[in-house]
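J.: Test case, fold it:
(one chain, ligands or ions: 1)
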Amino acid sequence: MANPPHGGVLKDLIARDAPRRKELYDEAEKLQAIVLTERQLCDLELILNGGFSPLEGFLNEKDYNGVVSDNRLADGALFSMPITLDVSQQTIDNLGIKAGARVALRDFRDDRNLAIITVDDVYRPDKQKEAKEVFGGDPEHPAVKYLYETVQEFYVGGKLDAIDRLEHYDYVGLRYTPAELRLHFDKLGWSKVVAFQTRNPMHRAHRELTVRAARARQANVLIHPVVGLTKPGDIDHFTRVRVYQALLPRYPNGMAVLGLLPLAMRMGGPREAIWHAIIRKNHGATHFIVGRDHAGPGKNSKGEEFYGPYDAQYAVEKYRDELGIEVVPFQMMTYLPDSDEYKPKDEVKEGIRTLDISGTELRKRLRTGQEIPEWFSYPEVVRVLRESHPPRSQQGFTIFLTGLTNSGKDAIARALNVTLNQQGGRSVSLLLGENVRSELSGELGFSREDRDRNIGRIAFVASELTKAGAAVIAAPIAPFEQARKHARELVEKYGSFYLIHVATPLEYAEKTDRRGIYAKARNGEIKGFTGVDDPYETPQKADLTVDISKSNVRTAVHQIILLLEAEGLLEQL
Ligand SMILES: Nc1ncnc2c1ncn2[C@@H]1O[C@H](COP(=O)(O)OS(=O)(=O)O)[C@@H](OP(=O)(O)O)[C@H]1O
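T.: Okay, here's the model as predicted:
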């Protein structure tokens, strides 16, 4: 039998309210609706399916205060994370949210009503207190930042009636609700299950750790990764799930099951560990692994850890009797090359050689295409990671040329286009200023606002193409620093961005202008012309500066090629 849920009853609101579904659906159609944010949606899903039992809704003020100050709901039940529904004053006024009101909760992705909340109260949280008590208060902590920057100023508490489950279109078969997982364990005849939480790819060390934990308890393994919201910058869940699927056959005799958890993590270390344990208990697990720095966000900008490495383990230990799920504390696993085995760090005798590859080192090896040894991971896992993290020679990039009209930026861009096409290996896209103007920005003029909008469009297209692995060459005038900076930020989410300042002086550009465009600007036919009667802000931080009055197109192209080569982008594998 699976472990009893937290509080004794699984609050599967979908199953509970199924008989009234039609009635609730019709009622919601007539109600005002709160459109939920991504994080609220994740929370809602786990309230509706019982993952957050004993919760039956979003916390009211009494429960919230208890959880924040003391890890307890008003009735004394252990619960460590405030699960709240935040709204703005404007939403409260527009929707008439007040005690006793019924309001629909809507999915922003498909506009479906998923639940109805009966409002208990509307209250203004003490954010400073929440930040301090729940997360430790460091303003750089991601959940504290989220609290101050994104969370609205009021919370709405109240119980929910469930209308429908969330629709998912990825890995649907692996998204077990607590009830489904419990049934699955029963079917398999598993009575002891060790759950493993993760937001990272799994390698040999994790496989060894989970098998060890299972062996010590004569249990089976639930690999229970988070696929809701994790730490910004984490490897996306699509890649991770393919990694877990590749790893699964490495467990002997089907001893592990993979289930995906749609949780929005807060990276709350000790508080989060207690919460994670409760969630796994609700999913039927009897044991839960808590490792070093469990659900911690790493270090702040001063290099300080947000939490002590074993704070999470102490926290779950403190509540061990109440938790009702046995926590399995684990040290870091390390590889012993001389005996070709993994051991927890604290069990390694002094003088024994050990090997480790950090997350940063792994990312570097993926980026450079460097070998990832078999002692560290399985070839089938590495293959999945390499597919989503191709080496630099296969990654996209953007060359962004900025400069005055007739500075030579267009000629360099065209020459670079054929040079990169000759090189092969990537599709090359050329975004010349005038082409973009006619194809994408036809309605725009040359006011600062319109120019910024134009560069914004180029940046968007360049970032999408860079994501798809292309080489992008853009050559607008782009006279404003802020817009160029924005373009860099957008593209760098997906690949490299190089700003090339074509710094040919105005006198030269004007003197050599065969199209007579400067003449038109000088005699007033064209107004607000860059360099003549509109400013050009010199780039503060160009990756390369070239000047056609002193050099030529061929040299400029060669300099760009050398830059790309030095960055590893042109290597032929
Ligand atoms: N008022 C004014 N100011 C500057 N440029 C003007 C203007 N009116 C028309 N043009 C011609 O439009 C071409 C494209 O400009 P851009 O889109 O690159 O300008 S911006 O980056 O949006 O500021 C640009 O050509 P290239 O520099 O050859 O691309 C200009 O010749």
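J.: tell me how far the lowest-mean-pLDDT helix or strand in the chain is from the chain's mean position?
T.: When each helix and strand of the chain is scored by mean pLDDT, DSSP states H and E, helix 359-368 comes last, with a mean of 86. Helix 359-368 has its average C-alpha position 18 Å from the chain's average C-alpha position, going by Cα atoms, centre = their mean, to the nearest Å.
J.: so how many other residues sit close to Glu56?
T.: 17 (other Cβ atoms under 10 Å). (C-beta placed from N, C-alpha, C; glycine too.)
J.: let me redo that: Pro476
T.: What Pro476 shows, counting by other Cβ under 10 Å, is a neighbour count of 29.
J.: Kindly report the same for the one 3 residues further on.
T.: Taking other Cβ under 10 Å as the neighbour definition, Pro479 ends up with a count of 22.
J.: Check the residue lying closest to it once chain neighbours are set aside and give its pLDDT.
T.: Nearest residue to Pro479, sequence neighbours excluded (Cβ to Cβ, 6 or more residues apart in numbering): Tyr536, at 4.4 Å. With respect to pLDDT, Tyr536 has a value of 98.
J.: mind listing what Tyr536 touches?
T.: By Cβ atoms under 8 Å, 6 or more residues apart in numbering, Tyr536 lies in contact with 404, 477, 479, 530.
J.: Swap in 10 Å and give it another go.
T.: Going by Cβ atoms under 10 Å, 6 or more residues apart in numbering, Tyr536 touches 402-404, 407, 477-480, 506, 530.
J.: State the pair within those residues that is farthest apart.
T.: Phe480 and Leu506 (16.9 Å; Cβ to Cβ).
J.: what helices or strands is the helix or strand just after the least confident helix or strand of the chain leaning on?
T.: Next helix or strand after helix 359-368 toward the C-terminus (DSSP states H and E): helix 379-388. Applying 3 or more Cβ pairs under 10 Å, 6 or more residues apart in numbering; DSSP states H and E, one finds that helix 379-388 contacts helix 237-247, helix 359-368.
J.: give me that answer again for 8 Å
T.: helix 237-247 (3 or more Cβ pairs under 8 Å, 6 or more residues apart in numbering; DSSP states H and E).
J.: Just the CA coordinates for the helix it packs on, please, in CSV.
T.: Only the C-alpha atoms of helix 237-247 are listed here, as CSV (Å, rounded to 0.1, in the frame of the first residue of the first chain):
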residue,chain,number,x,y,z
HIS,A,237,12.4,20.2,-19.1
PHE,A,238,12.0,18.8,-22.6
THR,A,239,15.7,17.9,-22.7
ARG,A,240,15.7,16.7,-19.1
VAL,A,241,12.8,14.4,-19.6
ARG,A,242,14.5,12.8,-22.6
VAL,A,243,17.5,12.3,-20.4
TYR,A,244,15.5,10.6,-17.7
GLN,A,245,13.9,8.4,-20.3
ALA,A,246,17.3,7.4,-21.6
LEU,A,247,18.5,6.7,-18.1
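J.: and it, how far out from the chain's middle?
T.: On Cα atoms, centre = their mean, the centre of helix 237-247 falls 16 Å from that of its chain.
J.: what's in contact with it?
T.: 170-171, 174, 199-202, 207, 223, 225-227, 230, 258, 260, 378, 380-381, 383-385, 387-389.
J.: change it to 6 Å
T.: Under the contact criterion Cβ atoms under 6 Å, 6 or more residues apart in numbering, helix 237-247 has outside partners 171, 201-202, 223, 227, 258, 380-381, 384, 388.
J.: quick one on the thing from earlier: now a PyMOL select for only the buried ones of the contacts of Tyr536.
T.: Buried residues within those, by 16 or more other Cβ atoms under 10 Å, are selected in PyMOL with:
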select buried, resi 402+403+404+407+477+478+479+480+506+530
